[in-house]
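>>> Structure here, sequence nowhere to be found:
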């Protein structure tokens with residue numbers, strides 16, 4: 001979990017690396033790379049019932065209708081404090097809830 005200040009410092013480092021030719025000019029921003037990594041991890045955990053993080057996911061909800069495809073069939077955990085917003089599982093479940 002990086003703070004906004006950490007992300008801005010990482011973006012500045014990435015910008016300097018691009019300018020000096022240490023990495024590709026088309027490399028996305030740090031926030032985009034973090035988001036893509038979160039997406040990939042959640043897909044792996046959600047698909048693999050033997051994954052180490054799978055027991056930490058909430059139970060699957062039972063849905064009797066199929067109006068549109070859902071990104072996940074998990075029940076949402078209540079967001080009560082700032083700490084739960086920093087929790088990876090809570091953050092990703094709410095990201096894919098809409």
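Now that the structure is in, tell me what you want to look at. Note that this is a predicted model, so its numbers are computed, not measured. Residues are numbered from 1 along each chain as shown.
>>> which residues touch residue 29?
Residues near residue 29 by Cβ atoms under 8 Å, 6 or more residues apart in numbering: 11, 14. In short, each C-beta sits where N, CA and C put it, glycine included.
>>> just the helices in this protein please.
4-20, 30-47, 82-86, 88-95 (DSSP state H).
>>> May I see these arranged in TSV, with mean pLDDT and mean neighbour count as well?
TSV is the format used below for these (pLDDT from 0 to 100; neighbours: other Cβ atoms under 10 Å):
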stretch	mean pLDDT	mean neighbour count
helix 4-20	91	12
helix 30-47	86	14
helix 82-86	57	10
helix 88-95	72	17
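>>> So for residue 56, which of those helices sits nearest?
Counting by Cβ to Cβ, residue 56 lies closest to helix 88-95 out of the helices of the chain; the figure is 5.6 Å.
>>> Show me what that closest one is packed up against.
With contacts taken as 3 or more Cβ pairs under 8 Å, 6 or more residues apart in numbering; DSSP states H and E, helix 88-95 sits against helix 30-47.
>>> how about 10 Å then?
helix 30-47, helix 82-86 (3 or more Cβ pairs under 10 Å, 6 or more residues apart in numbering; DSSP states H and E).
>>> can you redo these as TSV with distance to residue 17?
Below are the helices and strands packed on helix 88-95 laid out as TSV (distance: least, Cβ to Cβ, whole Å):
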stretch	distance to residue 17
helix 30-47	11
helix 82-86	28
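>>> mind checking which of those helices is nearest residue 21?
helix 30-47 (18.7 Å).
>>> Can you tell me which helices and strands the closest one packs against?
So helix 30-47, by 3+ Cβ pairs under 10 Å, 6+ apart, packs with helix 4-20, helix 88-95.
>>> Just send those back as JSON lines, with distance to residue 36 too.
Shown next, in JSON lines, are the helices and strands packed on helix 30-47 (distance: least, Cβ to Cβ, whole Å):
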{"stretch": "helix 4-20", "distance to residue 36": "14"}
{"stretch": "helix 88-95", "distance to residue 36": "12"}
